[in-house]
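> the sequence and its predicted three-dimensional model are supplied below.
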Amino acid sequence: MRPILAVLAALLLGAATLPAQQPDYGTLDGRPFNPKTDPDIDLFLGHWKDNPPRHVYGSLIERDILTKSAGDPLKPHTRSAVLTYINRLTYATLDARTSTTPSTLSGEQVVFYVDSGAGTVTAGGETADLHSGVGVLMPPGIEFVLRNTGREPLTMYIIAEPVKPGFTPNREMKVVDENSRPVEFTNVHWSHVFKNLFAQSDGLSVIGGMGPVWFDSMTMGQPHSHNPGFEEIWFSVEGDPAILLGKQVRPFPAGAAYKIPPDYMTPHSTINVKNRPVKVFWFIVRTVPEPPPPSYSMLDGRPFDLSYDADIERFMGNWRQSMPKHTHGSLVERDILTKGDPLNPPSRGAVLKYVNRYTRASLYPGYVTTPETLRGEQEVLYITAGNGVITAGKKSYDLYPGIAVLVPAGLEFTMRNTGSESLDMYLINEPVPAGFRPNRELLVVDENTQPAVTSDGHWCGIVKQLFTTAEGLGTMESVITCAFSPMTFFHPHSHVPGTEEVWTGLGEESFVLFGKQIRRQPDGTAYLIPTDSRTPHANFNLSDKPVKLFYFARYKDHDVRK
């Protein structure tokens, strides 16, 4: 048997060889999380509920979300003290029927972004209504008053920026109602539905631009990073999204904010797997030109285009969408993935090039298969439900959930269902390469007693090895199960020609980033990664329970056992 590290290298890193020069937009940095080199992302997060209140402008109650950094912007000494170019991001409340005292800003200007309630703002003799979605750019040197005219608190986010030397501020406040503004775009960073609120042409000093960003149901942004000299901030306004920040996932409830560590290697993305849109707010400072990104800093950011991007639906299959057929006398099989083209499938799920077929098979209660001898092919069985026995030669083995069986070519075998429920399994049929020497007996592995061989495969995969080439696989090189703990995200990466990698959902529903889109992956749904070197995939788990997937792969041409 090959040493375990060699197995894992082939299994988890075989399709992600580091390029020497050109940026590779098909993958992110695949190294496991390392607290010595990766940023502590929780230090870059803040929520107003975690900070004490104070009063400003007389009666406005303000609570910090993100504040000024006291040291290294990449290694904050205090949680949420991360700002280099912005003075502060806060959340403020004005009680019902309350007004601020007349106030005038000096040395800074602020943006009020109204979250809820009703009121007015008066400055320079002008009065404007305040309600959810209204933004006010208040320059220095103008006296202003905020009033709550409703029966509920008037709440708002406050973004305070310094007035840089030589800057000429506006002479009056600028008020924008996001609700009446048109959408600027819907496909930058794959899926951002963006409305511009203010830009430097509107009177911002150091901030380059800002505005609300909606993420529609089952979408996420392009994971990408930022370089030193940038300060990009996101705060959550409405809904219940999650964020990928670096190699970790965090909830992103309303009132929370984060800054992207500007190290050009920490990607970020907002993820929405809910059934309704979510709203976040974005703003950015750019103090230096943006250099070409290094390898492994971002995925391909071009808008989704079916003339270029894979139609991922064709690379997915579920046994429930196919019709039954019988094999082995009494075994009922239903196709999941079939022979086809791994780049241009002629039909949904017709993607396999190296494996003959991948099915879900059932043996009904009381049934026995006919004696079967595989010729020129062999099979892997992975039991998911029921109880039974498999017999070959003079040896019999119990079958129950978690048992995996490698049935070699040239060995007669039968299966019997010994329980009161259907004996269900996944079945992989692979061809036997020329000159290959198959096993002489059944090889049976109980996943339940197998140790995990890694818990950080592609960042977070908890892998249990079932079979490898060394144990008797002919065409395939690895068969495993891979579990994902709650709130984890797999390393996004793509695959090259010659690869055949398949993932199948087991039990609890999970999600997959597939290309530039998100899909649910319920039990029985499998996908093959297109071998175009530019379609990334990443399984992820945003639930409170672990999820598990069944996996098999062939990576490249390899020696077979003679």
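Looks like it came in fine.

> distance of the residue lying farthest from the centre of the chain relative to residue 405?
Distance from the centre of the chain peaks at residue 125, with 49.2 Å (C-alpha atoms, centre = their mean). Applying C-beta to C-beta, to the nearest Å, the value for residue 125 to residue 405 is 83 Å. C-beta coordinates here come from the backbone N, C-alpha and C atoms, glycine included.

> what of residue 428?
11 Å.

> who has more neighbours, the two?
residue 428 (26 against 23; other C-beta atoms under 10 Å).

> I'd say that one and residue 379 touch.
Yes. Between residue 428 and residue 379 there is a contact under C-beta atoms under 8 Å: 6.6 Å.

> list residues touching both of residue 428 and residue 405?
Listed contacts common to residue 428 and residue 405 are residue 380; contacts here mean C-beta atoms under 8 Å, 6 or more residues apart in numbering.

> who are the contact partners of the nearest residue to residue 501 once chain neighbours are set aside?
Distance criterion C-beta to C-beta, 6 or more residues apart in numbering; nearest residue to residue 501, sequence neighbours excluded, is residue 553 at 4.1 Å. Residues near residue 553 by C-beta under 8 Å, 6+ apart: 11, 476, 477, 478, 499, 500, 501, 502.

> ramachandran coordinates for the third one?
According to degrees, to the nearest 10, the main-chain angles of residue 477 amount to phi -120, psi -20.

> look at it and report its pLDDT.
With respect to pLDDT, residue 477 scores 97.

> residues near it, how many?
For residue 477, using other C-beta under 10 Å, the count is 22.

> next one: the fourth one
The criterion is other C-beta under 10 Å. On that basis, residue 478 has 24 neighbouring residues.

> which strand residues bridge it?
On the basis of DSSP bridges, residue 478 is bridged to residue 468, residue 553.

> now do it against residue 550, distance only.
According to C-beta to C-beta, residue 478 stands 12 Å off from residue 550.

> again with the third one
Counting by C-beta to C-beta, the gap between residue 477 and residue 550 amounts to 15 Å.

> which non-adjacent residue is nearest residue 467?
Using C-beta to C-beta, 6+ apart, the nearest residue to residue 467 is residue 479, at 4.4 Å.

> typo on my end, residue 100
residue 57 (4.0 Å).

> got it, and residue 278?
residue 239 (2.9 Å).

> before we move on, what about residue 251?
residue 242 (5.8 Å).

> list the contacts of the one you found.
Taking C-beta under 8 Å, 6+ apart as the test, what residue 242 contacts is 249, 250, 251, 252, 270, 271, 272, 273, 487, 542.

> which is the next helix or strand following the helix or strand harbouring residue 425?
According to DSSP states H and E, residue 425 maps onto strand 423-431. Following strand 423-431 in sequence order, the next helix or strand is strand 443-446 (DSSP H and E).

> pairing partners for that following strand, with directions?
Short version: by DSSP bridges, strand 443-446 pairs with strand 403-407 (antiparallel).

> avg pLDDT for the helix or strand just after the partner strand?
On the C-terminal side of strand 403-407, the nearest following helix or strand under DSSP H and E is strand 412-417. Averaged across strand 412-417, pLDDT comes to 98.

> how about strand 412-417: buried residues?
413, 414, 415, 416, 417 (16 or more other C-beta atoms under 10 Å).

> how about stretch 322-330?
For stretch 322-330, the neighbour count (16+ other C-beta under 10 Å) marks 322, 327, 328, 330 as buried.

> how much space separates the second one from residue 272?
Distance, residue 327 to residue 272, by C-beta to C-beta: 42 Å.

> same check, this time on the first one
Residue 322 sits 31 Å away from residue 272, taking C-beta to C-beta as the criterion.

> let me have the buried residues of strand 412-417 in a markdown table, extended by distance to residue 85.
What follows is the buried residues of strand 412-417, written out as a markdown table (distance: C-beta to C-beta, whole Å):
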| residue | distance to residue 85 |
| --- | --- |
| 413 | 69 |
| 414 | 72 |
| 415 | 67 |
| 416 | 71 |
| 417 | 68 |
